[in-house]
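Trainee: sharing a model that was predicted from the sequence below.
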Protein chains: 2
Amino acid sequence: MTKSDRTVKSLNALPRAVLWDNRTLRILDQRRMPRDRSLIACHQVEDVFECIQTLAVRGAPAIGIAAAYGLLVDLFETRLPLTQLKQSLSDRAEYLISARPTAVNLSWAVNRMMGVASDKFGDTRELLERLEAEAIAIHQEDIEACHQIGDHGVALVRQYPNVLTHCNAGSLAVSELGTALAPIYRAFEEGVKVHVFVDETRPLLQGARLTAFELQSVGVDCTLITDNMAAHMMASGDVDMVLVGADRIVANGDVANKIGTLNLAVLCQHFNIPFYVACPVSTIDINTESGADIVIEQRNPTEVTHWKGEQISPDNINVANPAFDVTPANLVTGIITEIGIVKPPFDESLRVMEGKT
Amino acid sequence: MTKSDRTVKSLNALPRAVLWDNRTLRILDQRRMPRDRSLIACHQVEDVFECIQTLAVRGAPAIGIAAAYGLLVDLFETRLPLTQLKQSLSDRAEYLISARPTAVNLSWAVNRMMGVASDKFGDTRELLERLEAEAIAIHQEDIEACHQIGDHGVALVRQYPNVLTHCNAGSLAVSELGTALAPIYRAFEEGVKVHVFVDETRPLLQGARLTAFELQSVGVDCTLITDNMAAHMMASGDVDMVLVGADRIVANGDVANKIGTLNLAVLCQHFNIPFYVACPVSTIDINTESGADIVIEQRNPTEVTHWKGEQISPDNINVANPAFDVTPANLVTGIITEIGIVKPPFDESLRVMEGKT
């Protein structure tokens, strides 16, 4: 029995972001969660594009998986000749990658699919079945990586059961167990009395809307807080560890993650609380030297000034809306990956790890 | 010309929280600001009570001023005999204090008014005119204290013109110049190129709704950020100083202020940025020894889970909602008061200052 075959009964209630259901791609619409939890059936590639661009599906790995399946929607029914099918796949690949050009996993997954498509095939069915198998493999590998991150991180949660997390690095962003939440789910399953403080994570409230929902859906004890309450909770002695995901980790160990992560890392140092990052190895970008080389995406000011279309702040106010910040390596206690926990000095340990993969 | 008589032309546009206008008390309704900026005319003492209880008027000094005038509404028209008038004042005092029992300035202002009322008066008009003069004096003294805080703090803003502030310690919470914002307004008036990062201040968004509005209304350059962006702005070198108000400062210099203040103080220490608190001397509670003795008010969870009546987070989620946190004295660079800037060691300097007042 491989790890990914394991039956995780108590975690069965976890929501799934992406489903490949009898050759129909269904995407959980995260835009109006947790109130509205409808599945979008993607019948055309345009539906997939819209889901990715409008953040119905978010989280770099989940986007990659959605795009891998997304290349195939409706192609099993439309019986194109082989040459036309390959052209259609190539057009779709370019189109889907353009939905969110900065998400590394999106282009990675699509390019991996197109690598397969470039092989020689006897007929269209053979090509499509091979591609379907590849998309399922991408999805399964992601599930497996999350399980392994959980396995490597569970001892930390046993030791530090009162965890604070930021944004959503759970089932909804990745697959099944998520990254930062995987060690928490594993410990919960073992019966560890875990408690999670969930930062609401302004401006888009992924903590309040998604992480709180995920944890609650399987019964993990959690408390929702506004982002500015973290220091108070730490000063009160209620936080043993901070555990977050990552958007990108560079060669020296600097971590780009959702805005607010750096806040937490500084607080952890002050209050002498371990600060761990969990992510698959694919998030580690060994070709970028330091965090100073990471360009920080500025998002639409209306994410800050408006809530569900209604304006909070005065008209024409200046707004900063960086999507993420960079936590310097010296504030990071360790990085939990599917091949183990990487410890400082990261400029050495990340290179050693890179050699193993 | 006294300081409070000074013409502050460029700051004339500052909103006023409380107006005593031809013996009518008008309160700026801050609940729906900045969208809706209507004045509530209080014709009955019940109107004043409701304004205080529902936070139409907020900020400890502003509440005290509203209550001082509030004792008098409609009494100039209803020609009660002296004994009945004194009884009515006594009933009103008790009633208004009960609107928000934890706000120190509310009971302080009402008790000061009742102290005056306990004197001997020849007729009702004499009593009412004496009380009106006392309410105006309370208001004027507050305006004066804010001006003096501005005068004492302006050199800091000249030296550190890129300021980050939290919540609203401006005109809307106090009078005219506010406390934390007073040095900023003073510097702006002098022509200093000041820039203010405004923390939106979850959960009630006093920064986004009130501080951003105040600063914008007089033309102070400002940028609205979510609370979790502060570390990123500091790491980017864009913040020279943090300047906040206070709800209570105790004998050892520990500062209770709006939740999120401790976050900022820790970040300031890490990034080597001065952290200043501005408040009138009346906020300093020399009879309480340390921050550990301050009971932290837990407010309604719906402030976190709902936005304008609409639910953000899943049903039945646990929520923490402490209204304020305690910043330990060792993280405070200085306290700007109307009698000067108090510096560490606070356990000594605050006692010396207390002796001067």
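Mentor: All right, it came through fine. Numbering: from 1, shown residues only, chains lettered A, B, ... in the order given.

Trainee: show me chain A divided up by domain.
Mentor: What automatic domain parsing lists as the domains of chain A is A:17-141, A:149-356.

Trainee: dump those into TSV; add distance to chain B as well.
Mentor: Backbone N, C-alpha and C define where each C-beta goes, glycine included. Converted to TSV, the domains of chain A look like this (distance: least, CB to the nearest CB, whole Å):
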stretch	distance to chain B
domain A:17-141	4
domain A:149-356	3
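
Trainee: which of those is buried the deepest?
Mentor: Most buried of the domains of chain A, by mean neighbour count (mean count of other CB atoms under 10 Å in any protein chain shown): domain A:149-356, with a mean of 21.

Trainee: how far off centre is that one?
Mentor: What separates the centre of domain A:149-356 from the centre of its chain is 10 Å, taken as CA atoms, centre = their mean, to the nearest Å.

Trainee: and that domain, how far apart are its ends?
Mentor: Domain A:149-356 stretches 16 Å from its first residue to its last (CA to CA, to the nearest Å).

Trainee: now swap in stretch A:241-250 and tell me
Mentor: Its first and final residues considered, stretch A:241-250 spans 23 Å by CA to CA.

Trainee: pLDDT on it, on average?
Mentor: The predicted model assigns stretch A:241-250 a mean pLDDT of 93.

Trainee: and whichever strand or helix holds A:Met234, what does it pack onto?
Mentor: Element membership for A:Met234, per DSSP states H and E: helix A:230-235. Under the contact definition 3 or more CB pairs under 8 Å, 6 or more residues apart in numbering or on different chains; DSSP states H and E, helix A:230-235 sits against strand A:162-165, strand A:195-199, helix A:261-271, helix B:261-271, strand B:324-327.

Trainee: let's see that with 7 Å instead.
Mentor: Secondary-structure packing of helix A:230-235 (3 or more CB pairs under 7 Å, 6 or more residues apart in numbering or on different chains; DSSP states H and E): helix A:261-271, helix B:261-271.

Trainee: what packs against the first one?
Mentor: The contact analysis (3+ CB pairs under 7 Å, 6+ apart) places helix A:261-271 against helix A:230-235, strand A:241-244, strand A:275-278, strand A:324-327, helix B:230-235, helix B:261-271.

Trainee: let me know which of the ones you listed is the nearest to A:Ala135.
Mentor: Between A:Ala135 and these, the tightest spacing by CB to CB is seen for strand A:275-278, at 24.5 Å.

Trainee: tell me the helix or strand right after the closest one.
Mentor: strand A:284-285.

Trainee: average model confidence for that following strand?
Mentor: Averaging the model's pLDDT scores along strand A:284-285 yields 86.

Trainee: now do the helices in chain A.
Mentor: A:45-53, A:60-70, A:82-97, A:104-117, A:124-159, A:182-190, A:206, A:212-218, A:230-235, A:261-271, A:302-305, A:346-356 (DSSP state H).

Trainee: report all helices and strands that the longest one contacts.
Mentor: Meaning helix A:124-159. Partner elements for helix A:124-159 (3+ CB pairs under 7 Å, 6+ apart): helix A:60-70, helix A:82-97, helix A:104-117, helix A:182-190, strand A:275-278, strand A:334-337.

Trainee: adding mean pLDDT and distance to B:Gly253, write these out as TSV.
Mentor: Shown next, in TSV, are these (pLDDT from 0 to 100; distance: least, CB to CB, whole Å):
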stretch	mean pLDDT	distance to B:Gly253
helix A:60-70	93	46
helix A:82-97	96	56
helix A:104-117	91	48
helix A:182-190	96	38
strand A:275-278	97	29
strand A:334-337	98	36
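
Trainee: take the ones you listed and lay them out in a markdown table including distance to B:Cys222.
Mentor: Shown next, in a markdown table, are the helices and strands packed on helix A:124-159 (distance: least, CB to CB, whole Å):
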| stretch | distance to B:Cys222 |
| --- | --- |
| helix A:60-70 | 34 |
| helix A:82-97 | 38 |
| helix A:104-117 | 35 |
| helix A:182-190 | 39 |
| strand A:275-278 | 31 |
| strand A:334-337 | 37 |
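
Trainee: nearest to B:Pro183, out of those?
Mentor: Closest approach to B:Pro183 among the helices and strands packed on helix A:124-159 is made by strand A:275-278 (34.9 Å; CB to CB).

Trainee: okay, now the sheet partners of that closest one, with direction.
Mentor: strand A:241-244 (parallel), strand A:334-337 (parallel) (DSSP bridges).

Trainee: so what touches the first one?
Mentor: Outside strand A:241-244, the residues within contact range by CB atoms under 7 Å, 6 or more residues apart in numbering or on different chains are A:156, A:160, A:163-166, A:169, A:180, A:183, A:257, A:261, A:264, A:268, A:273-278.

Trainee: if we go to 8 Å?
Mentor: With contact meaning CB atoms under 8 Å, 6 or more residues apart in numbering or on different chains, strand A:241-244 is reached by A:153, A:156-157, A:160, A:162-167, A:169, A:180, A:183-184, A:257-258, A:261, A:264-265, A:267-268, A:273-278.

Trainee: ditto for the last one
Mentor: Under the contact criterion CB under 8 Å, 6+ apart, strand A:334-337 has outside partners A:149, A:152-153, A:156, A:179, A:183, A:246, A:249, A:253, A:255, A:274, A:276-281, A:284, A:341-344, A:346, A:350, A:353.

Trainee: output the helix holding A:Met234 as CSV, nothing but the C-alphas.
Mentor: Taking C-alpha atoms only, helix A:230-235 is exported to CSV below (Å, rounded to 0.1, in the frame of the first residue of the first chain):
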residue,chain,number,x,y,z
ALA,A,230,-0.9,37.5,16.7
ALA,A,231,1.4,39.4,19.0
HIS,A,232,-1.1,39.4,21.8
MET,A,233,-1.7,35.7,21.5
MET,A,234,2.0,35.0,21.5
ALA,A,235,2.6,37.3,24.5
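
Trainee: what comes into contact with it?
Mentor: For helix A:230-235, contacts defined as CB under 8 Å, 6+ apart pick out A:164, A:197, A:199, A:225, A:239, A:263-264, A:267-268, A:270-271, A:273, B:259-260, B:262-263, B:266, B:296, B:320, B:322, B:325-326.

Trainee: what do you get if the cut-off is 6 Å, keeping everything else the same?
Mentor: Contacts of helix A:230-235 from elsewhere in the structure, counted by CB atoms under 6 Å, 6 or more residues apart in numbering or on different chains, are A:197, A:239, A:264, A:267, A:271, B:262-263, B:266, B:322, B:325.

Trainee: same question for it, mean pLDDT?
Mentor: For helix A:230-235, the mean pLDDT works out to 98.

Trainee: same check on stretch A:301-320?
Mentor: pLDDT averaged over stretch A:301-320 gives 92.

Trainee: can you pull out the residues in contact with stretch A:306-318?
Mentor: Residues contacting stretch A:306-318 (CB under 6 Å, 6+ apart): A:305, B:34, B:205, B:208, B:212-213, B:216, B:223-224, B:307.

Trainee: do that again at 10 Å, thanks
Mentor: Contacts with stretch A:306-318, where a contact means CB atoms under 10 Å, 6 or more residues apart in numbering or on different chains, come from A:32, A:203, A:205, A:300-302, A:304-305, A:319, B:33-35, B:195, B:197-198, B:200, B:205, B:207-217, B:221-225, B:307-308, B:310, B:312.

Trainee: nearest spatial neighbour of A:Lys258, skipping sequence neighbours?
Mentor: Among residues not flanking A:Lys258 along the chain, A:Cys167 sits closest, at 3.9 Å (CB to CB, 6 or more residues apart in numbering or on different chains).

Trainee: just read off the phi/psi values of that neighbour.
Mentor: A:Cys167 adopts backbone torsions of phi 60, psi -150, taken as degrees, to the nearest 10.

Trainee: wait, it sits on A:Thr201?
Mentor: Yes: between A:Cys167 and A:Thr201 there is a contact under CB atoms under 10 Å: 4.7 Å.

Trainee: overlap of the contact sets of these two?
Mentor: Common neighbours of A:Cys167 and A:Thr201 are listed as A:207, A:210-211, A:227, A:258-261, B:228 (criterion: CB under 10 Å, 6+ apart).

Trainee: brilliant, that's me finished.
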